[in-house]
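Q: take this sequence and fold it.
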Amino acid sequence: CHTSGMLTPNGKEYAQKIPREELTHLILQLLQAWKEPLSHFNQHMEHHQELPDESLSKAKQISNMVHELKTGVEKSMGIISNTLNGMASSEGTGLSISNEANMMSDSDFIHCFRRDSNKVQSYLKILKCRIMPENSC
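A: Here you go, the predicted model:
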């Protein structure tokens, strides 16, 4: 996976020990790391004539959801977008996103995306529990 080089906590216990700001930054790095690969994947999907329109629509929907989630996390945490984009770019994380992600097979790409989206979901749950502990977390 093109995000394998990112240092992410293994397991919920470790993620819970990370300060809120760092965890938020990690979420945003993961989301940013998928921006370009998802765009390329959508373009790749559009060139497959045999794929049903539903699959193409789903690929675009996922890309849009990642963008909306990134924007929402930025706004809710009060992070200035320009500052974040500089820190969370592929250069900032040391990832060679375009080459490695584009060379993956579709099944590997989907596997990696699922893995990272599960991480983001877990990290968001941890943040939610920190922000609103009354939700019986």
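Q: contacts, neighbours, all on C-alpha from now
A: Fine.
Q: any weak-confidence spans in the protein?
A: Applying pLDDT under 70 to the chain flags residues 48-53, 55-57, 76-104, 135-136.
Q: which SS class is the residue nearest the centre of it?
A: In the chain, the centroid-proximal residue (C-alpha atoms, centre = their mean) is Leu31; its distance is 2.7 Å. Classification of Leu31 by DSSP: H, G, I helix; E, B strand; the rest coil places it in helix.
Q: tell me how far it lies from Asn64.
A: Separation of Leu31 from Asn64 (C-alpha to C-alpha, to the nearest Å): 11 Å.
Q: just the CA atoms of the helix or strand encompassing Gly72, as CSV, please.
A: Secondary structure assigned from DSSP states H and E places Gly72 in helix 53-76. Coordinates of each C-alpha in helix 53-76 appear next as CSV, following Å, rounded to 0.1, in the frame of the first residue of the first chain:
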residue,chain,number,x,y,z
ASP,A,53,-22.7,2.7,-14.6
GLU,A,54,-23.4,1.8,-11.0
SER,A,55,-19.7,0.9,-10.4
LEU,A,56,-18.5,4.1,-11.9
SER,A,57,-21.0,6.1,-9.8
LYS,A,58,-19.8,4.3,-6.7
ALA,A,59,-16.2,5.1,-7.4
LYS,A,60,-17.0,8.8,-7.8
GLN,A,61,-19.1,8.7,-4.7
ILE,A,62,-16.3,7.3,-2.6
SER,A,63,-13.9,9.9,-3.9
ASN,A,64,-16.4,12.7,-3.0
MET,A,65,-16.9,11.2,0.4
VAL,A,66,-13.2,11.2,1.2
HIS,A,67,-13.0,14.9,0.1
GLU,A,68,-16.1,15.8,2.2
LEU,A,69,-14.7,14.0,5.2
LYS,A,70,-11.3,15.7,4.9
THR,A,71,-13.1,19.1,4.6
GLY,A,72,-15.3,18.3,7.6
VAL,A,73,-12.5,17.2,9.8
GLU,A,74,-10.5,20.3,8.9
LYS,A,75,-13.4,22.6,9.7
SER,A,76,-14.5,20.9,12.9
